[in-house]
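K.L.:
Sharing a model that was predicted from the sequence below.
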2 protein chains.
Amino acid sequence: MSFLSHLSSIISVSESLETELNSITKQISVSKNQSIINFGNRCNDIFFVEKGLLRGYYLEEGKEITNWFAQEGEFGTSFYSFVAMKPSFETIQSLEDCILTQLPYSSLQNLYVKFPETERLGRIITETYYIKLEERLLSIQFKTAKERYLNFVLSKPSLLQRTSLGQIASYLGITQETLSRIRAEI
Amino acid sequence: MSFLSHLSSIISVSESLETELNSITKQISVSKNQSIINFGNRCNDIFFVEKGLLRGYYLEEGKEITNWFAQEGEFGTSFYSFVAMKPSFETIQSLEDCILTQLPYSSLQNLYVKFPETERLGRIITETYYIKLEERLLSIQFKTAKERYLNFVLSKPSLLQRTSLGQIASYLGITQETLSRIRAEI
DNA sequence: TTCCTTTTTTGATAATTGTCAAAAAAATAC
DNA sequence: GTATTTTTTTGACAATTATCAAAAAAGGAA
């Protein structure tokens, strides 16, 4: 689903808003395995994935810890950095050749002022992501590694093919070795 | 900090908005150990804690798992239930005698329409809570039980006195016995 | 294809945390 | 103040997951 139709599914997008959105966003192509944002830098943009796959990861004692994946139809950004305009703790990387809709922070802030109905968009999108995050927290807190993996397989089956085991393992909060063993015994 | 001054610290609250807020919210007193929302029911309200302490908890195999605490100046609600208007998975309980500002879902939705600038409030508050949740996720995923407890002591010292060990332990994703041992060795 | 690199699997062992049971301590009620 | 209930601590043991090391498998490049 494209950026505009995604937004249209949440609020009605007037013609003038559509024009404005087209003028402030940019479609960018990113080839596989590029770092779009590096940790330590401010993440000035939010990206909507039209095609491809992004992931955000932290470095924790030299190891890459996947914090999120963003597939087609999802947003990817270093949320803390983007919202607080502080340096990012995470690196955003393309796991495939991507087509992204890029929306800069400042344009979004102006958009909120110029088209107040987009505040609703921002609120609803954030609410949706909050609920997903809460689900994930509970899953990490109270499910076994195996249950979490099975849930991942059910909820994001396509990512199994599109990512590496290590990336999934760290997303689920387990080591790659443990995940490999879990897969062996299923 | 009261509900109104909390909101005023985020956006400028006009006189008419203030009047509206006063008319749609209700100050309620709740004595200690009351269940304000029971799991299985829809959570129709968001509560701002003027005084006292709330917690939200899940029942997981018969055990109470604390999902959040809300102290003075913070909001408490069953977020998923309130936003999605679905039955709540969690129970909200007063841990002390409380004075709460109660804002019903329907009034909030009307407020968003009547005072569009409040969409911004909703967005910013949700963003803030999202960032806190993300921090907590990372802490649970990558910190040891001891590190999480020490971080809790630093970030919410007053809750040590106001809650039980079991409530804190489940909030941190560990058993009460383990937390007791962690405390013994510090 | 063949080599080289990266990813995944497997093995042995250790560390962390959980479970179940009971005792000790603290809080509350009468 | 004493009894009762609740909370916290301690002990013994088990389960889960991590760590370190190495082998096997898979994927890419020339």
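P.N.:
On my side now, so go ahead.
K.L.:
tally of neighbours for A:Glu185?
P.N.:
6 (other C-beta atoms under 10 Å in any protein chain shown). C-beta: built from backbone N, CA, C; applies to glycine.
K.L.:
quick check: mean pLDDT across the host helix or strand of A:Phe47?
P.N.:
Using DSSP states H and E, A:Phe47 falls within strand A:45-51. Strand A:45-51 shows a mean pLDDT of 96.
K.L.:
who does that strand touch, helix- and strand-wise?
P.N.:
Applying 3 or more C-beta pairs under 8 Å, 6 or more residues apart in numbering or on different chains; DSSP states H and E, one finds that strand A:45-51 makes contact with helix A:3-8, strand A:75-76, strand A:98-104, helix A:105-114.
K.L.:
Of these, which is nearest A:Ser164?
P.N.:
strand A:98-104 (17.0 Å; C-beta to C-beta).
K.L.:
Run the angle between that closest one and helix A:105-114 for me.
P.N.:
60 degrees (axes from the mean of the first three to the mean of the last three C-alpha atoms, to 10 degrees).
K.L.:
if I pick A:Ser88, what's in contact with it?
P.N.:
A:Ile37, A:Asn38, A:Phe39, A:Gly40, A:Asn41, A:Arg42, A:Cys43, A:Ser78, A:Tyr80, A:Ser81 (C-beta atoms under 8 Å, 6 or more residues apart in numbering or on different chains).
K.L.:
now with 10 Å?
P.N.:
A:37-44, A:56, A:58, A:77-82 (C-beta atoms under 10 Å, 6 or more residues apart in numbering or on different chains).
K.L.:
A:Asn151 and A:Leu138, how far apart?
P.N.:
11 Å (C-beta to C-beta, to the nearest Å).
K.L.:
more neighbours, those two?
P.N.:
Using other C-beta under 10 Å, the more surrounded residue of A:Asn151 and A:Leu138 is A:Leu138, with 19 against 15.
K.L.:
what is the rounded mean pLDDT of the helix or strand where that one lies?
P.N.:
Using DSSP H and E, A:Leu138 sits in helix A:117-142. What helix A:117-142 shows for mean pLDDT is 91.
K.L.:
Give me the nearest residue to A:Leu160, chain neighbours excluded.
P.N.:
A:Val153 (6.5 Å; C-beta to C-beta, 6 or more residues apart in numbering or on different chains).
K.L.:
I'd like the next helix or strand past the helix or strand where the one you found lies.
P.N.:
Assessed by DSSP H and E, A:Val153 sits inside helix A:145-155. Under the assignment DSSP H and E, the closest C-terminal helix or strand after helix A:145-155 is helix A:157-162.
K.L.:
could you point out which element follows that following helix?
P.N.:
Helix A:157-162 is succeeded, C-terminally, by helix A:165-172 (DSSP H and E).
K.L.:
send the alpha carbons of that following helix over as CSV?
P.N.:
C-alpha atoms of helix A:165-172 as CSV (Å, rounded to 0.1, in the frame of the first residue of the first chain):
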residue,chain,number,x,y,z
LEU,A,165,18.5,-15.8,11.8
GLY,A,166,20.8,-13.6,13.8
GLN,A,167,18.6,-10.6,13.0
ILE,A,168,15.5,-12.4,14.1
ALA,A,169,17.1,-13.8,17.2
SER,A,170,18.2,-10.4,18.5
TYR,A,171,14.7,-9.0,17.7
LEU,A,172,13.2,-11.7,19.9
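K.L.:
Can you pull the residues of chain A lying near DNA strand D?
P.N.:
When proximity is defined as C-beta under 7 Å from any atom of the strand, chain A approaches DNA strand D at A:Thr144, A:Ala145, A:Lys146, A:Gly173, A:Ile174, A:Thr175, A:Glu177, A:Thr178.
K.L.:
show me the contacts for the residue nearest to A:Leu160.
P.N.:
Here A:Val153 is in contact with A:Leu159, A:Leu160, A:Ile168, A:Arg183, A:Ile186 (C-beta under 10 Å, 6+ apart).
K.L.:
mind listing what whatever residue of chain A ends up closest to DNA strand D touches?
P.N.:
Proximity of chain A to DNA strand D (C-beta to the nearest atom of the strand) peaks at A:Thr178, 3.3 Å away. A:Thr178 makes contact with A:Ala145, A:Lys146, A:Tyr149, A:Ala169, A:Leu172, according to C-beta under 10 Å, 6+ apart.
K.L.:
and the last one, how many residues sit next to it?
P.N.:
Residues contacting A:Leu172 under the criterion other C-beta under 10 Å number 23.
K.L.:
try A:Pro157
P.N.:
9.
K.L.:
what's across from the closest residue to A:Tyr171 other than its chain neighbours in the sheet?
P.N.:
Excluding its sequence neighbours, the residue lying closest to A:Tyr171 (C-beta to C-beta, 6+ apart) is A:Thr66, at 4.0 Å. A:Thr66 has these beta-bridge partners by DSSP bridges: A:Tyr57.
K.L.:
Also the one 4 residues further on?
P.N.:
On DSSP bridges, the residues paired with A:Ala70 through beta bridges are A:Leu54.
K.L.:
List the contacts of it.
P.N.:
A:Ala70 neighbours (C-beta under 10 Å, 6+ apart): A:47-49, A:52-56, A:76-77, A:92, A:95, A:98, A:100.
K.L.:
Go through those and name the one nearest chain B.
P.N.:
A:Gly56 (10.6 Å; C-beta to the nearest C-beta).
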